[in-house]
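>>> here is my input; please provide its structure:
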Amino acid sequence: MKTRIGQDGLHLFNRHTGLNILLDEVRADPSAWSSTPRQVSIALTNLCDLHCSFCFAPKHPAMLSAESVAAWLKELDQTGCMAVGFGGGEPTLHPQFAEICQHAAEETRLAVTFTTHGHRLVPPLLERIAGNVHFIRVSVDGVKATYEAQRGRRFSALLERLKDARKLAPLGINVVVNESTVHELDALVKVAYDVGASELLLLPQLAAGEVGAASSAVRHELEQWACSYAGKVRLAVSEAGSEGLPTCDPLPQEKGLRAYAHIDTSGVIRASSYEGPGVRIGADGVLAALNRLKSTIGSEA
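Residues are numbered from 1 along each chain as shown. Now for the predicted structure:
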C-alpha cells in the first residue's frame, strides 16, 4: 500500500483494490507532510474527435511529450502524490497513450486513471493498456437522444464500449449536469448499474467559453435529487460543484493544492483545469513549479 502523511493523519491506499485507510490518530509534524497534491490530473493532448459545446478544454493544438510526463510522474510519486488522472481533449488520441500508462503503472506506485468519451475503448486499445490502468472514467451526458444530441455519437455504441471497458478495470461514469441532463439522472444511475460501474460523478456545468454555468433551477433540482437518492451506485461530486449537496469528506483539512492540481498540455500547473493562474513547469521540476504557484495565489496549502 502507498502511504501519505498530511494534516488529517496517515493515509494508506491500495491502487489495485481502491481500498483507502485513514489513521487519523497519527499526527505528524508539518515538515513531514507530503509536499505534492493527493491527486494530479494531466491533460495529455487537446485533440478530440468530438465537439461538445460545454467542453472546457482549449481548442489550440497541443500535446505533451511522453518523456516530460514520465519525469513528472516520477517526481510526483516520490513526493507523496497518490494518483494521476490522464485527460485532454481525448487522452486516448495521444500516440503514446498506452506507453504512458504502462510507464506510470510499472515505474511508479501511482494509481492510474483516465477520463474519456469512451468510443475509442475498442479491444485493440484495451489489450494494450490491460494491467496498467486502475480506474476508467467515461463521460456520459444524458441517455439516448439527449446523449446523441450532445455528443454526436450513437448511445447504443457507447454502451458496448462501456461493457468492454468494465472487463478491464473498475469503471465510473461522469455526467455534466445541466438543463438537458438533470432530468435523466435516474436513467444514468440505471445505465451505471447495468454496465457494472461503481460510481456516478456529478459535474454541475461550469461556465466555459460561450456556455454558461448550470442555472439556479438546475442546481436546486440536483440538490433535491441527491438528497433523496437511494440507488445502489455510489455518488460523487466535483469539489467546485459540491455546494448545497450532502457530501462527506474524510480528509477535511486537505484542501486546495494539497488535494488536487492540474497540468495542462502546455506544461503549466494550475489549481484547477477551468481557470486561475498557472506556472510553467521548468527544468527544476513539478515541486518547484508547485511552490511557485502557491506563492502566486497566496496559498499556504
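>>> run a quick neighbour tally on Glu99.
By the criterion of other Cβ atoms under 10 Å, Glu99 has 16 neighbours. Placement of C-beta: from N, CA and C, glycine included.
>>> then Asp264?
20.
>>> measure it to Ile129 for me?
23 Å (Cβ to Cβ, to the nearest Å).
>>> go on, Gly87?
15 Å.
>>> ranges for the helices of the stretch 201-301 of the chain?
Using DSSP state H, counting those that start in this stretch, the helices found in the stretch 201-301 of the chain span residues 216-227, 286-297.
>>> kindly export the first one (C-alpha atoms) in PDB.
Taking only C-alpha atoms (Å, rounded to 0.1, in the frame of the first residue of the first chain), the coordinates of helix 216-227 have been written out as PDB:
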ATOM      1  CA  SER A 216     -30.000  28.000 -10.100                       C
ATOM      2  CA  ALA A 217     -33.100  25.900 -11.100                       C
ATOM      3  CA  VAL A 218     -30.800  23.100 -12.300                       C
ATOM      4  CA  ARG A 219     -28.800  23.300  -9.000                       C
ATOM      5  CA  HIS A 220     -31.900  23.200  -7.000                       C
ATOM      6  CA  GLU A 221     -33.200  20.100  -8.800                       C
ATOM      7  CA  LEU A 222     -29.900  18.400  -8.500                       C
ATOM      8  CA  GLU A 223     -29.800  19.100  -4.700                       C
ATOM      9  CA  GLN A 224     -33.300  17.700  -4.300                       C
ATOM     10  CA  TRP A 225     -32.400  14.600  -6.300                       C
ATOM     11  CA  ALA A 226     -29.200  14.000  -4.400                       C
ATOM     12  CA  CYS A 227     -30.800  14.400  -1.000                       C
END
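>>> that one packs against which elements?
Helix 216-227 makes packing contacts with helix 185-195, strand 199-204 when contacts are defined by 3 or more Cβ pairs under 8 Å, 6 or more residues apart in numbering; DSSP states H and E.
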